[in-house]
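Colleague: model the structure of this input:
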Amino acid sequence: MNYPLLNVFLTTMWFFLWILWFFLLFRIFGDIFRDHELSGWGKAAWSVFVIVLPFVGVFVYLIARGRGMGAREVAQAQRNEQEFRAYVREAAGTGSGPVEAADAKGGGGQADQLAKLADLRAHGDISEEEFQRAKEHVLAA
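Modeller: Numbering: from 1, shown residues only. Model prediction:
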């Protein structure tokens, strides 16, 4: 067993760089296929470029489109959050529309009112004590 400590370090470093490379590839392919503004031909061209010339393709992609990767990820997260909130409202039985539509019909349900109270508390518009009192009032009605 003659394997110097430096070789162990170098082997470990190359192994983690290899894993990092695959994470980067998955991230770039995810960005390519999640981008709704990129045409099908553009997606195909970037995919072929990244597969055929992986190092050059990845670096060119990061230079050309890297700035928008974060913005696209944030936009996707916001869409997911809106869809989740809509699903929760629908599953809670508060109607299929947003809170404002329920208010226009005459007040909305308990879940809508509690959601509004939670938003007010989260934004710091009301204190925890005011939230608890209003919650008790809504649940008692």
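Colleague: and the longest helix for this structure?
Modeller: Assignment by DSSP state H gives helix 54-91 as the longest helix of the chain.
Colleague: who are the packing partners of that one?
Modeller: helix 5-34, helix 40-52, helix 110-122 (3 or more Cβ pairs under 8 Å, 6 or more residues apart in numbering; DSSP states H and E). Quick note: C-beta positions are derived from backbone N, CA and C, even for glycine.
Colleague: what's the mean pLDDT across that helix?
Modeller: Over the span of helix 54-91, the pLDDT mean works out to 90.
Colleague: swap in stretch 4-11?
Modeller: Mean predicted lDDT for stretch 4-11 stands at 91.
Colleague: check stretch 28-43 too.
Modeller: 92.
Colleague: next, the distance between the ends of it.
Modeller: 11 Å (Cα to Cα, to the nearest Å).
Colleague: pull out the buried residues from that stretch.
Modeller: 28-29, 31-32, 35, 38 (16 or more other Cβ atoms under 10 Å).
Colleague: circling back: which of the helices and strands packed on helix 54-91 is buried the deepest?
Modeller: helix 110-122 (a mean of 16; mean count of other Cβ atoms under 10 Å).
Colleague: that one - contacts with which helices or strands?
Modeller: Against helix 110-122 (3+ Cβ pairs under 8 Å, 6+ apart) you get helix 54-91, helix 99-104, helix 128-140.
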